[in-house]
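> predicted coordinates and the sequence they were generated for:
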Amino acid sequence: MEKKYLFSPGPTMLPPEVLLKMAEPIMHHREPEFEKIVAEIREGLKYLFQTRNEVLVFSSSGTGAMEGAVSNLLSKGDKAVVVRGGKFGERWGDICKAYGIEFIPVDVEWGRAVDPGKIEQILRSNPSIRAIYTQASETSTGVKHPVKEIAEIVKKYEDTVIVVDAITGIGVFDIPTDAWGLDVVVSGSQKALMLPPGLAFAALSDKAWKLVERSDLPKYYFDFKKELKSTKKNQSSYTPAISLFVGLRETLNMIRKEGLEGVFGRHEKLAAATRAAVKALGLELYAPDSPSNALTAVKIPAGIDGLKLQDLFFERFGITVAEGQDRAKGKIIRIAHLGYYDRLDMVMVISALEMLLKEMGYPFELGKGVKAAEEILMK
Ligand SMILES: Cc1ncc(COP(=O)(O)O)c(C=O)c1O
């Protein structure tokens with residue numbers, strides 16, 4: 001007998017009570033019962049995103065909301081800045097390209113956070129830049145970017161917005177959309193929202209809605225204006241992923257019950273324990289200066305085959321951890337702790353890491369990582 005565990009930074013493990021709710025017979029999305037669910041979801045999302053504005057929901061993976069944040073905000077001839085410090089930063093650039101938007105890349109070494117000063121410099125010499133696209137948490141490297149500081153800079157420009165991919169940020173660490181003046185915040189369901197993939201979210205500020213008003217790029221399914229109208233009627237423009245909406249109401253209630261502070265505190269603790277464990281084993285963090293609390297990216301030590309280690313996690317223990325992507329392939333593994341994870345989950349995955357490293361001949365004292373984690377988890 002062997003259980004399966006997901007420790008990948010999306011999809012993540014799901015609460016059984018939410019799975020049961022989603023397995024109930026499906027309802028029709030134009031029924032009053034469903035509209036009641038949407039009404040509750042609207043309130044729950046405002047709480048989670050810390051905004052007084054509506055949060056749009058699309059039945060797609062997170063990239064759909066990213067694409068919408070380009071096609072709905074910008075117009076032909078607009079210019080953008082793209083922070084490229086990993087795979088998902090590159091995706092912002094790819095979407096801009098697909099829509100014919102010229103952008104200035106801010107290339108950041110993988111594993112490092114962007115320097116907001118670089119963005120300030122670019123904006124000073126190019127005040128016509130319409131949007132800055134960045135990640136809050138770059139999942140491919142495990143880095144947390146200084147979104148608050150970038151927003152402070154962008155605020156000085158009347159017609160420029162900051163667009164934040166918070167797909168592994170929302171529900172993990174504090175991202176107060178309104179208080180920080182974040183113009184667009186996008187997220188997805190299969191991360192800290194504890195749901196299967198299939199929902200994308202976008203919260204927009206008044207400043208962003210002004211850009212939407214004049215945007216002339218082509219759009220159809222991801223039409224923010226149209227979706228806002230539907231949302232205000234507790235509807236979805238097209239057939240939504242009904243079962244996921246049902247699940248979302250549940251997970252938003254769970255988050256409210258724990259409270260944002262509790263949710264952020266739990267992620268902080270799990271992340272701190274994982275980082276301490278890894279260091280106690282003599283391993284290095286891939287994002288040492290600005291690690292995200294969503295996941296821990298660990299450098300594979302010399303002499304150990306990183307891809308084999310990832311395979312062994314699954315073969316020996318049924319655990320899925322994520323490998324490195326692109327240039328980080330084989331060089332790191334990524335251990336998630338966002339969403340439905342608790343203290344003992346982390347003890348388990350660290351224990352598995354130790355047993356595998358021992359099997360692969362990496363020299364260290366068995367139990368050292370678990371001990372370091374426990375010391376933090378007991379606080
Ligand atoms: C930071 C970040 N951005 C974008 C995405 C893409 O989201 P999706 O795969 O849901 O389209 C992911 C998914 O892993 C992510 O972690």
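Nice, I can see it.
> in terms of helix, strand or coil, where does residue 104 fall?
When classified by DSSP: H, G, I helix; E, B strand; the rest coil, residue 104 comes out as strand.
> for the ligand, what are the nearby residues on the chain?
Taking C-beta under 6 Å from any ligand atom as the measure of proximity, the chain contacts the ligand at 10, 61, 62, 63, 88, 135, 139, 165, 167, 168, 188, 197. Every C-beta, even on glycine, is put in place using the N, C-alpha and C of the backbone.
> restricted to strands, list the residues you listed.
Using DSSP state E, the members of the residues of the chain next to the ligand that fall within strands are 135, 165, 188.
> pull the distance from stretch 105-112 to the chain's centre.
Distance, stretch centre to chain centre, for stretch 105-112: 18 Å (C-alpha atoms, centre = their mean, to the nearest Å).
> correction: the previous question concerned stretch 14-30.
23 Å.
> for that stretch, buried residues please.
Buried residues in stretch 14-30, counted by 16 or more other C-beta atoms under 10 Å: 14, 15, 18, 21, 22, 29.
> ok, the residues of the chain next to the ligand vs residue 207, which is closest?
Distance to residue 207, by C-beta to C-beta, is smallest for residue 165 among these, at 18.0 Å.
> how near is the residue nearest to the closest one when sequence neighbours are not counted to residue 84?
Once flanking residues are discounted, residue 165 sits nearest to residue 135: 4.6 Å by C-beta to C-beta, 6 or more residues apart in numbering. As judged by C-beta to C-beta, to the nearest Å, residue 135 and residue 84 stand 10 Å apart.
> give me the more crowded residue out of the two.
residue 135 (30 against 22; other C-beta atoms under 10 Å).
> residues contacting the residue in the stretch 101-250 of the chain that the ligand sits nearest to?
The stretch 101-250 of the chain approaches the ligand most closely through residue 139 (3.2 Å), counting by C-beta to the nearest ligand atom. The neighbours of residue 139, taking C-beta atoms under 8 Å, 6 or more residues apart in numbering as the test, are 9, 10, 86, 87, 88, 167, 168, 292, 294, 295, 334.
> three-state assignment of residue 133?
Recorded secondary structure, residue 133: strand (three-state DSSP).
> beta partners of it?
Assessed by DSSP bridges, residue 133 has beta-bridge partners residue 82, residue 163.
> report pLDDT for it.
At residue 133, the predicted lDDT confidence score is 99.
> is it true that it touches residue 80?
Yes - the criterion here is C-beta atoms under 8 Å, and residue 133 meets it with residue 80 at 6.0 Å.
> who has more neighbours, these two?
Taking neighbours as other C-beta under 10 Å, residue 133 and residue 80 compare with residue 133 leading, 28 against 25.
> how about the helices in the stretch 251-379 of the chain?
Per DSSP state H, counting those that start in this stretch, the stretch 251-379 of the chain carries helices over the ranges 260-280, 306-317, 343-359, 368-377.
> which elements pack onto the first one?
If I follow you right, that is helix 260-280. Judged by 3 or more C-beta pairs under 8 Å, 6 or more residues apart in numbering; DSSP states H and E, helix 260-280 is in contact with strand 295-299, helix 343-359, helix 368-377.
> list the buried residues in that helix.
Within helix 260-280, the residues that qualify as buried are 260, 263-264, 266-280, counting by 16+ other C-beta under 10 Å.
> now swap in the second one and tell me
Within helix 306-317, the residues that qualify as buried by neighbour count (16+ other C-beta under 10 Å) are 306, 309, 310, 312, 313, 317.
> how many neighbours does residue 377 have?
The number of residues near residue 377, taken as other C-beta under 10 Å, comes to 20.
> next one: residue 319
Neighbours around residue 319, by other C-beta under 10 Å: 22.
> for it, name its beta-bridge partners.
Counting by DSSP bridges, the residues bridging with residue 319 are residue 5.
> for residue 311, see how far away it is.
Distance, residue 319 to residue 311, by C-beta to C-beta: 11 Å.
> hmm, back to that, what would the helices and strands packed on helix 260-280 look like in CSV with distance to residue 94?
Formatted as CSV, the helices and strands packed on helix 260-280 follow (distance: least, C-beta to C-beta, whole Å):
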stretch, distance to residue 94
strand 295-299, 22
helix 343-359, 32
helix 368-377, 37
